[in-house]
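K.L.:
quick one, what's the 3D model for this:
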Amino acid sequence: MTFYRTTRLMLSSAAILSFASSAFALDGNDLLKKINDAYPQQSGSIAAESIDVSGTTVTLKGVSVKPAGAADGIKLGDITLTGVAEAGGGYTVDQVAFPNVATTKDGVTIAASDLKMNGVEIPADVTKGDLDSLLFYKSAHAGSLSFTQDGTQVFAIANADATLNKRADKSGLDFDTEVNGVKVDLSKVDDPQAREAISQLNLQQLDGKIAMKGSWEMAPGKIDITEYSFDFKDVGKLDIALSLSGYTPAFAKSLQDALKTVRSNPNQQDAQQSAGLAMLGLLQQLTFNSAQIRFDDSSITSRALEFAGKQQGVSGKQLADTLKAMTPIMMAQLNIPELQNAVSAAVTAYLDNPKSLTVKASPDKPVPLPMIIGAAMGAPQSIPQVIGLKVSSND
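P.N.:
This next block holds a predicted model:
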């Protein structure tokens, strides 16, 4: 009797566990559907030949990504999602691991490794217009990436990392991206004149890094890019900063819809005209806060002066003196004395001792973008005053 009771208990328990397992098993098809719903700005679609679910691990097998408007998809292989859990109708994923890439077409080989995303959030509803309706990840990583043409590596990076930080009050997010070990080989450029210039400027092999930092506040749609820099050894560092308001979720959706309309219109000429009008309308919603472009020299300026001077039969110093004398004359044509003096002083100081050159636009209060466009078309001499333009060097 005891044996039969024990057997029935075991079978009943197995049946209950089996039912519970099937009832709470992850729905791989729903997961892929919600990924597609949230796939950045309707820029394409993701398809899988099959989906395997094992506990909290979901494997999308034979994945291909088809960009919007493209005839064929790009095959990626198997993508593994680990630590998958349902969350309010959406999903959270501890890590998304992509397969290594190694593909060759038309003599160009692309190779990438160690591609992954961590802390991924897949929304249940992408129409709410809040931060929780966006496809989100806490960090993303790429290992080595290289482009090789006819056996010669022309571009490569050592690694790249990106992080997104969702603010506690869900008012916005902060982002930070670094691309390290950027290498560019320009020694095999076909054009003889370009190759000669590259050689004289000592730019055959570029080695550097790229970085971007910033934030986005959803309600005012304020995008602050505090750093977007390209820093290359023996060349210099170009750093761009920009602040705009009005890039709200509603604006982003309108932009997506406009682009989608263009892609779906078989008459591309009409589509482009319509898109132009739509963009003009959308620009009405944007406001310019500030911008800055700064270049910190690492010897490229002196080499450029020597190279350009040689082309004209003078020394680099003689060319620099000529440029210093010509700058006030060229600036005088704008009929903006204050800007003329500032630019002339900055150029003179920089050419005498190249350290840094900065162009900054910082109006007293935010300026609607249409006002800037109108000023540029109707009264370009007013632009410096409208946007608070300043030029300085070696500061």
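
K.L.:
which element, helix or strand, includes residue 270?
P.N.:
Residue 270 belongs to helix 268-283 when assigned by DSSP states H and E.

K.L.:
what strands flank the helix or strand following that helix, and is each parallel or antiparallel?
P.N.:
Using DSSP H and E, the helix or strand that follows helix 268-283 in sequence is strand 287-297. When pairs are called by DSSP bridges, strand 287-297 turns out to pair with strand 236-245 (antiparallel), strand 356-361 (antiparallel), strand 367-368 (antiparallel).

K.L.:
gap between the second one and the chain center?
P.N.:
In terms of Cα atoms, centre = their mean, to the nearest Å, the centre of strand 356-361 is set 23 Å apart from its chain centre.

K.L.:
so that it lines up with my notes, have the first residue be 16 from now on.
P.N.:
Okay, residue one is now 16; in that scheme the one you just asked about reads as strand 371-376.

K.L.:
returning to what we had before: averaged pLDDT, the helix holding residue 285. What do you get?
P.N.:
For helix 283-298, mean pLDDT is 76.

K.L.:
and that helix, what does it pack against?
P.N.:
With contacts taken as 3 or more Cβ pairs under 8 Å, 6 or more residues apart in numbering; DSSP states H and E, helix 283-298 sits against helix 264-279, helix 384-393. No exception for glycine: its C-beta is placed from N, CA and C like everyone else's.

K.L.:
between that helix and helix 264-279, how big is the angle?
P.N.:
Comparing the axes of helix 283-298 and helix 264-279 via axes from the mean of the first three to the mean of the last three Cα atoms, to 10 degrees yields an angle of 170 degrees.

K.L.:
any chance you could list what contacts helix 283-298?
P.N.:
Helix 283-298 is contacted by residues 266, 269, 270, 273, 274, 276, 277, 278, 280, 384, 385, 388 when judged by Cβ atoms under 8 Å, 6 or more residues apart in numbering.

K.L.:
give me that answer again for 7 Å
P.N.:
Outside helix 283-298, the residues within contact range by Cβ atoms under 7 Å, 6 or more residues apart in numbering are 266, 269, 270, 273, 276, 277, 280, 384, 385.

K.L.:
so where's the stretch 16-165 of the chain shaky on pLDDT?
P.N.:
For the stretch 16-165 of the chain, the stretches flagged by pLDDT under 70 are 16-39, 55-58, 83-86.

K.L.:
apply 90 and report the result again.
P.N.:
Judged by pLDDT under 90, the stretch 16-165 of the chain has its weakly predicted residues at 16-41, 52-60, 80-91, 116-122, 141-149, 164-165.

K.L.:
and what of the stretch 266-410 of the chain?
P.N.:
Applying pLDDT under 90 to the stretch 266-410 of the chain flags the ranges 266-299, 346-355, 388-398.

K.L.:
which stretches in the stretch 16-165 of the chain count as helices?
P.N.:
With DSSP state H, counting those that start in this stretch, the ranges of helices along the stretch 16-165 of the chain come out as 17-39, 43-53.

K.L.:
picking up where we left off before, got the CA positions of the helix holding residue 285 in CSV?
P.N.:
Provided in CSV are the C-alpha atoms of helix 283-298 (Å, rounded to 0.1, in the frame of the first residue of the first chain):
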residue,chain,number,x,y,z
GLN,A,283,11.4,58.7,-54.7
GLN,A,284,11.5,62.1,-56.2
ASP,A,285,8.1,63.0,-54.8
ALA,A,286,9.0,61.3,-51.6
GLN,A,287,12.1,63.4,-51.1
GLN,A,288,10.1,66.6,-51.7
SER,A,289,7.5,65.6,-49.2
ALA,A,290,10.2,64.6,-46.8
GLY,A,291,11.8,68.0,-47.1
LEU,A,292,8.5,69.8,-46.3
ALA,A,293,7.9,67.5,-43.4
MET,A,294,11.4,68.2,-42.0
LEU,A,295,10.8,71.9,-42.2
GLY,A,296,7.7,71.4,-40.2
LEU,A,297,9.5,69.3,-37.6
LEU,A,298,12.3,71.8,-37.3
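
K.L.:
could you dump the strands paired with strand 302-312 to JSON lines with mean neighbour count and distance to residue 394?
P.N.:
Shown next, in JSON lines, are those (neighbours: other Cβ atoms under 10 Å; distance: least, Cβ to Cβ, whole Å):
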{"stretch": "strand 251-260", "mean neighbour count": "18", "distance to residue 394": "23"}
{"stretch": "strand 371-376", "mean neighbour count": "18", "distance to residue 394": "17"}
{"stretch": "strand 382-383", "mean neighbour count": "17", "distance to residue 394": "14"}
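
K.L.:
contacts only, for residue 168.
P.N.:
Per Cβ under 7 Å, 6+ apart, neighbours of residue 168: 161, 200.

K.L.:
doesn't it fall inside a helix?
P.N.:
No - assessed with DSSP: H, G, I helix; E, B strand; the rest coil, residue 168 is strand; it does not lie in a helix.
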